[in-house]
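K.L.:
the sequence and its predicted three-dimensional model are supplied below.
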Amino acid sequence: MIKLIATDMDGTLLKDNKEIDREIYELLPKMKKEGIHFVAASGRQRPSLEKSFEGHLKDVTILAENGAYVVHNGEEIYASVMTRELIDFITTEIRKLDNVGILYCGKHCCYTPNIQCYETLASPKFHYKVKMINCFDEIKEEIIKISLVDPKGASGYSFPILEKILKGKVEIAVSGFDCVDIVNKGVSKGNAIELLQKRWNITPEETMTFGDNYNDIEMLQCAKYSFAMQHSEEGVKKCANYVAGDNNKGAVVAQIKKFVNI
């Protein structure tokens with residue numbers, strides 16, 4: 001019996017236009033009634049995820065910032081805070097790159113000196129709580145993730161450069177064509193799912209996960225019922241036991257209904 005379902009958002013539960021598959025709202029109370037925990041597992045921040053599930057938060061656990069921040073029933077149950085020394089080191093290396101925007105992610109807001117990042121994330125597509133800053137010292141809350149937006153395409157430019165420099169010091173992953181996410185060593189969606197499995201006494205054989213990108217791999221490996229999306233790269237599909245359909249055609253909801261009797 002499946003007792004935990006975790007899904008990525010962008011490119012997975014969300015359509016390409018960033019709209020959520022609204023049929024999930026009908027399934028949430030049914031899953032809860034059957035004792036199934038539903039987890040929104042994303043590189044997005046908590047406020048953005050809570051906006052997506054507005055009116056349904058009692059039925060959803062928030063796994064934000066690629067596993068660096070987990071909230072259940074409004075209560076923080078896990079957070080991985082970055083040191084100032086590490087933040088300064090990462091910032092220095094990112095500033096060496098051409099034409100990339102940096103984003104500092106706190107538990108409640110994110111901060112950027114880049115106007116393009118600000119305008120994109122503040123748009124209705126993302127619903128981010130984001131503030132413009134001139135320098136890092138203006139930030140008054142703890143930072144749990146650093147991201148960069150790379151117009152050249154992260155996989156081909158910024159990611160391979162930063163991976164060589166930061167390997168062993170942090171967890172770094174491409175979380176979309178334009179983005180690189182950096183969190184503390186040992187932080188991942190997979191480790192966060194394992195924390196929840198232990199908390200709720202749930203096994204991988206009772207777990208279903210959905211993802212489409214490399215930051216989803218550890219999460220996919222935590223579940224017997226692991227689904228890579230149809231458009232995922234082969235490296236992601238190899239880490240899943242199943243391939244779901246098109247995120248624009250409700251593939252996540254369709255697979256949940258297929259495997260869970262609700």
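P.N.:
Perfect, I can see it now.
K.L.:
for the rest of this, base every contact and every neighbour count on C-alpha atoms.
P.N.:
OK.
K.L.:
need the helix or strand of this structure with the lowest average pLDDT.
P.N.:
Sorting the helices and strands of the chain by mean pLDDT, DSSP states H and E puts strand 170-176 at the bottom, at a mean of 87.
K.L.:
what lies in contact with it?
P.N.:
Strand 170-176 has contacts (CA atoms under 8 Å, 6 or more residues apart in numbering) with 43, 154-155, 159, 163, 166, 180-188, 213-215.
K.L.:
can we see that at 7 Å?
P.N.:
154-155, 159, 163, 180-187, 213-215 (CA atoms under 7 Å, 6 or more residues apart in numbering).
K.L.:
do the same with stretch 99-115
P.N.:
Around stretch 99-115, the neighbours that count as contacts under CA under 7 Å, 6+ apart are 46-47, 117-118, 129-134, 141-151.
K.L.:
please name the residues that touch Leu196.
P.N.:
With CA under 7 Å, 6+ apart, Leu196 has no contacts at all.
K.L.:
can you point out the helix or strand that includes it?
P.N.:
helix 189-200 (DSSP states H and E).
K.L.:
next, the buried residues of stretch 102-114.
P.N.:
102-107, 109-114 (16 or more other CA atoms under 10 Å).
K.L.:
mind listing the strands for the chain?
P.N.:
For the chain, applying DSSP state E gives strands covering 4-7, 37-41, 61-64, 69-72, 75-79, 101-106, 110-112, 130-132, 143-149, 170-176, 179-184, 207-211, 225-228, 242-243.
K.L.:
would you tell me which of those strands gets closest to Ile87?
P.N.:
Among those, strand 143-149 comes nearest to Ile87, with 7.9 Å by CA to CA.
K.L.:
counting contacts, what elements does the closest one pack onto?
P.N.:
strand 101-106, strand 179-184 (3 or more CA pairs under 7 Å, 6 or more residues apart in numbering; DSSP states H and E).
K.L.:
so which residues make contact with the last one?
P.N.:
If I follow you right, that is strand 179-184. Contacts of strand 179-184 (CA under 7 Å, 6+ apart): 80, 82, 144-150, 154, 159, 170-175.
K.L.:
can you list the strands that it pairs with?
P.N.:
With DSSP bridges as the test, strand 179-184 is paired with strand 143-149 (antiparallel), strand 170-176 (antiparallel).
K.L.:
out of these, which is closest to Tyr69?
P.N.:
Ranking the strands paired with strand 179-184 by proximity to Tyr69 (CA to CA) places strand 143-149 first, at 7.6 Å.
K.L.:
let's test this: mean pLDDT of the closest one, rounded?
P.N.:
Per-residue pLDDT values across strand 143-149 average out to 96.
K.L.:
next, the angle from it to strand 75-79.
P.N.:
70 degrees (axes from the mean of the first three to the mean of the last three CA atoms, to 10 degrees).
K.L.:
what's the pLDDT at the residue positioned nearest the centre of the chain?
P.N.:
What sits nearest the mean C-alpha location of the chain, by CA atoms, centre = their mean, is Ser42, with 1.8 Å. On the pLDDT scale, Ser42 is placed at 95.
K.L.:
can you pull the contacts of it?
P.N.:
Contacts of Ser42 by CA under 7 Å, 6+ apart are 8-9, 63-66.
K.L.:
show me where this structure dips below the pLDDT cut-off.
P.N.:
177 (pLDDT under 70).
K.L.:
bridged to Val174, which residues?
P.N.:
Beta-bridge partners, per DSSP bridges, of Val174: Val180.
K.L.:
can you give me the neighbour number for it?
P.N.:
By the criterion of other CA atoms under 10 Å, Val174 has 22 neighbours.
K.L.:
same check on Glu233?
P.N.:
Neighbours of Glu233 using other CA under 10 Å come to 13.
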